[in-house]
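[1] what's the 3D shape of this:
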Amino acid sequence: MKWCWILLAALALAGCSEKSHGPSIADRPIRVVTTTGMIADAAQNVGAGRVDVQPLMGPGTDPHLYKATAGDVRTLDGADIILYNGLELEGRMAEIFDAMRSKRAVVAVAANLHEQDLIALTASKKDPHVWFDVQLWKQVVESIRDALIGLDPDHSEKYNENTRQYLSKLDELDAWAKREFESIPRDQRVLVTAHDAFGYLGKRYGIEVLAIQGVSTATEASAADIRRLADVLSTRKIKALFVESSVPQSTIEALQQAVKSRGWNIELGGELFSDAMGAPGTDEGTYIGMFRHNVRTIVEALR
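    Just a heads-up that it's a prediction; the model follows:
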């Protein structure tokens with residue numbers, strides 16, 4: 001694609017520029033650039049006191065469709081380490097990551113998850129939305145810890161202690177989410193969204209997940225997709241469906257109208273964060289706060 005070649009050319013020019021030799025990495029904050037906010041939040045918790053973290057994708061951003069800008073390339077070029085999800089979540093940035101590998105650490109943080117724990121979409125493709133299973137996300141946090149220790153071994157004790165404390169908080173989050181979801185009547189544990197981002201949530205916490213689109217938003221939902229799901233929802237008398245902060249609301253509204261035309265009044269249960277977190281400085285702007293918001297929104301609508 002033309003845009004990609006332009007950015008790769010910008011990257012080559014950036015690489016030709018001579019960089020000054022600054023302080024040793026052990027004597028200054030590590031410059032961490034991430035794709036998603038979820039990864040940025042994990043890196044901040046693991047590297048607290050040692051890292052300067054900058055995510056490329058802010059609130060409301062869809063990573064499936066994200067195209068890097070020339071400014072993003074400059075940001076990536078200034079990083080000590082780049083952390084991205086992998087599993088084809090950021091498919092349009094793959095060539096840029098490959099070009100960066102010769103100059104700095106570039107780590108796909110979900111790459112080391114066990115295959116049997118991942119949701120298979122095809123024989124070779126896995127669902128990338130691993131942050132919705134807190135136990136899987138703990139493994140991602142450990143991968144980030146290992147990457148930072150590999151870059152900055154002098155501060156390994158700090159990274160290990162930060163990680164230990166954060167993993168304890170994630171265990172508390174996981175146990176709380178289980179209790180909350182169990183309070184929903186079993187026949188109403190059905191989560192309906194625009195795209196299939198919540199498969200790991202459903203697998204971990206016993207929620208049936210129905211979506212108009214598959215795991216990627218790269219293609220638009222068809223009228224046939226909406227009709228098919230509307231038939232299911234009206235027949236089963238499902239209570240609510242949910243909009244996503246990073247997906248246009250119009251698709252879910254079209255589904256709601258299709259269900260109503262079949263004689264069943266289905267409500268909008270609220271907005272969920274799927275591929276992006278909330279605004280910085282808010283509870284929803286952290287992984288734990290985002291996850292708690294989603295659980296509360298789902299439980300209140302379905303219980």
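[2] check contacts around residue 253.
    residue 268 (CB atoms under 8 Å, 6 or more residues apart in numbering). From N, CA and C alone the C-beta is placed, and that goes for glycine too.
[3] average model confidence for stretch 199-206?
    Stretch 199-206 shows a mean pLDDT of 97 in the predicted model.
[4] So what touches that stretch?
    119, 127, 129-136, 174, 177-178, 181-182, 189, 191, 207-209, 215, 294.
[5] try 6 Å
    119, 127, 129-130, 132-133, 181, 209 (CB atoms under 6 Å, 6 or more residues apart in numbering).
[6] Nearest to residue 283 among the residues you listed?
    residue 132 (17.5 Å; CB to CB).
[7] list the contacts for that closest one?
    By CB under 6 Å, 6+ apart, the neighbours of residue 132 are 198, 200-201.
[8] let's see it at 10 Å
    Contacts for residue 132 were tallied using CB atoms under 10 Å, 6 or more residues apart in numbering; they are 38, 177, 197-205, 209, 274, 291, 294.
[9] quick one, strands of the stretch 151-300 of the chain?
    Secondary structure of the stretch 151-300 of the chain (DSSP state E, counting those that start in this stretch): strands at 190-195, 208-213, 240-244, 267-272.
[10] Turn the contacts of stretch 199-206 into CSV, columns for secondary structure.
    Shown next, in CSV, are the contacts of stretch 199-206 (DSSP: H, G, I helix; E, B strand; the rest coil):
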residue, secondary structure
119, coil
127, coil
129, coil
130, helix
132, helix
133, coil
181, helix
209, strand
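[11] Max pairwise distance over those residues: which two?
    127 and 181 (19.2 Å).
[12] Helices along the chain, start to end?
    2-16, 37-46, 70-77, 94-100, 134-151, 156-182, 199-205, 223-236, 250-260, 287-302 (DSSP state H).
[13] Give the burial count for the nearest residue to residue 118 once chain neighbours are set aside, as a bare number.
    Excluding the flanking residues, the one nearest residue 118 by CB to CB, 6 or more residues apart in numbering is residue 126, at 4.2 Å. Neighbouring residues of residue 126 were enumerated by other CB atoms under 10 Å; the total is 19.
[14] I'd say residue 126 and residue 88 touch.
    Yes - using CB atoms under 10 Å, residue 126 makes contact with residue 88 at a distance of 8.0 Å.
[15] ok, now how distant is the closest residue to residue 150 other than its chain neighbours from residue 88?
    Counting by CB to CB, 6+ apart, residue 105 is the residue found nearest to residue 150 once chain neighbours are left out, at 7.2 Å. For residue 105, the distance to residue 88 (CB to CB, to the nearest Å) stands at 20 Å.
[16] can you pull the contacts of the residue lying closest to residue 59 once chain neighbours are set aside?
    Closest residue to residue 59 apart from its sequence neighbours, by CB to CB, 6+ apart: residue 279 at 5.1 Å. Counting by CB under 10 Å, 6+ apart, residue 279 makes contact with 37, 58-60, 285.
[17] Farthest pair within those?
    Those two in the contacts of residue 279 that are separated most widely, counting by CB to CB, are 60 and 285, at 11.9 Å.
[18] And the pLDDT at residue 247?
    For residue 247, pLDDT reads 83.
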